[in-house]
Every structure is written in C-alpha cells, then in structure tokens.
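In: Turn this into a structure:
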Amino acid sequence: MLGYDVKVGGDWRIKAETYYQALGNVPVESVPGSFSMLNAGADFAFPEEHFLVNEGTGKNYGFELTVEKFFSKGYYVLVTGSVFDSKYEGSDGVERNTAFNNKYTFNFLAGKEIKIGKDKRNALTFDTKFTTAGGRFYTPIDLAASIAEGKQVFQEDKAYGERIDSYFRWDVKFGYRLNSKKRKLSQQFFLDFQNVTNHENVFTYRFNREKGEVQQVNQIGFFPDLLWRVQF
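Out: Numbering: from 1, shown residues only. Sure thing, here's the model as predicted:
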C-alpha cells in the first residue's frame, strides 16, 4: 500500500491511497468448483459446502481518494471515492469476480449547524449523504433445475458472471438540538428521510418455490424516521 495524507488550510484534509493485496491458502472445495470462502457473507448466509481445502487464491487492487473538511465554522464535508478490482480462483482454477467486486464507490456527506437563541445555546442542524456504487456480481439461478428439484439451484458454470444494477441512495436529515441551561443535558430531535428518491436498489434474486419463478429482492425504499436522543 502506498498513501499520501496532507492537511490544507488547517480545516481540510486530502488523502490518497493505492494498494495491491494477494491472498493465498483460501478455503475452497476439495473437488473442482467455483466456491471460495472469500465470497462468504455477501448474502448474509453461512456457506453449506463441506470438505474444504486451503488451495484457493484471490487478489484486490485499487485507488482511493478522500477529501475532508473537519467540522468548523458551522459545517463539515466529506467526499470519498474508490475504484478497484477484486478477483478470486476456486478449486476449478477459473478466475472470477468476487461477490464484493463493485468496481467503484462514491460517497458525499455534508452537514450544517446554525446556532439559535439569545445565548446561541441551541441549534438547528442539517445533514445529507449521497452514495453510489457499481453493482455486485452474482451467480444466476437455474430456474428449470430449481423447479425440478423444488429448491434454489444456481448456474455454477456462470458463477459470479452476472451483475446487479448500480447502487444509488440519497439521505437527508433535519435536526434540532436543545441544551439545558442548568444541567449537563442535551436533547436532540431528528427527522431522517432515507432514500428520498425511493430508488429500487437490488439486494439479491431468490427462487420462489410456490410461484415457480425467480424474484427480485430489493433493499429499503423511501423511509422517514423520527429520532429522539438524550445525552448527559
């Protein structure tokens, strides 16, 4: 890994990193197959494969850039971007994309605080976050085989050969902070609007045995949330 980190003007920071990672002795199947422990956790399910051997490999490389404005003068900004590639080889010796190979990610966060009241003790706050990333690679479901066997069957010859659409999400949060005059007590009220554009981000695809079809499972859509926080 090679990195460069510099502060600009006291409140700003720029950080750049490039890296290469080679992985060995990765658990894979003892017979030729596409399974690799490097993909474990991508679908929040525990692998069911047995008789694993430490003969798999993998590699990750990319570039990351961070531009940060520390909180001062009532506001902050954070921008991060990354381009990368993530590959692996199972026991069949075929190089494939890992389940985490989004290719790129981009995040933008910013917030503003406005002090109010005669003594400027309380404050109105505003925060926003924008995130986009390339779609994950996944193994498509073999519909005919799944119907015949009555359970989900994957097309192993196309392991991690198809890709979900790109991820996109924008959150906005409004808040009010009330600081007690007599006690070391602070109350904060937030109105949090998550995924304000109601973008349909795909989580995964699953076989529905009752309907005999492959269904798309999405992540959370537009979701308003009200929060109350007490600090003492």
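
In: so where is this structure shaky, pLDDT-wise?
Out: Along the chain, segments meeting pLDDT under 70 span 44-46, 49.

In: mind listing what's buried in the strand ranked longest in it?
Out: Longest strand of the chain, by residue count under DSSP state E: strand 52-72. Using 16 or more other C-beta atoms under 10 Å as the test for burial, strand 52-72 gives 52, 55-60, 62, 64, 66-69. Every C-beta, even on glycine, is put in place using the N, C-alpha and C of the backbone.

In: Could you pull out the strands in this protein for me?
Out: 2-8, 12-29, 52-72, 75-89, 95-97, 104-116, 122-133, 137-138, 162-163, 167-179, 186-194, 202-208, 213-218, 223-231.

In: May I see those strands arranged in CSV, with distance to Asn39 as well?
Out: Formatted as CSV, those follow (distance: least, C-beta to C-beta, whole Å):
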stretch, distance to Asn39
strand 2-8, 28
strand 12-29, 10
strand 52-72, 10
strand 75-89, 7
strand 95-97, 9
strand 104-116, 18
strand 122-133, 17
strand 137-138, 9
strand 162-163, 14
strand 167-179, 18
strand 186-194, 28
strand 202-208, 13
strand 213-218, 18
strand 223-231, 29
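
In: Check these for me and report the most buried one.
Out: strand 137-138 (a mean of 22; mean count of other C-beta atoms under 10 Å).

In: That one pairs with which strands?
Out: Here strand 137-138 has these sheet partners by DSSP bridges: strand 162-163 (antiparallel).

In: And the contacts of the strand it pairs with?
Out: Gly134, Gly135, Arg136, Phe137, Tyr138, Thr139, Pro140 (C-beta atoms under 8 Å, 6 or more residues apart in numbering).

In: who's the fifth one bridged to?
Out: Using DSSP bridges, the bridge partners assigned to Tyr138 are Glu162.

In: now for the strands of the chain, which one comes closest to Ala145?
Out: strand 202-208 (9.7 Å; C-beta to C-beta).

In: Direction included, what does that closest one pair up with?
Out: Here, using DSSP bridges, strand 202-208 pairs with strand 213-218 (antiparallel).

In: ok, and what's touching the strand it pairs with?
Out: Contacts of strand 213-218 (C-beta under 8 Å, 6+ apart): Ile141, Leu143, Ser146, Glu200, Asn201, Val202, Phe203, Thr204, Tyr205, Arg206, Phe207, Asn208.
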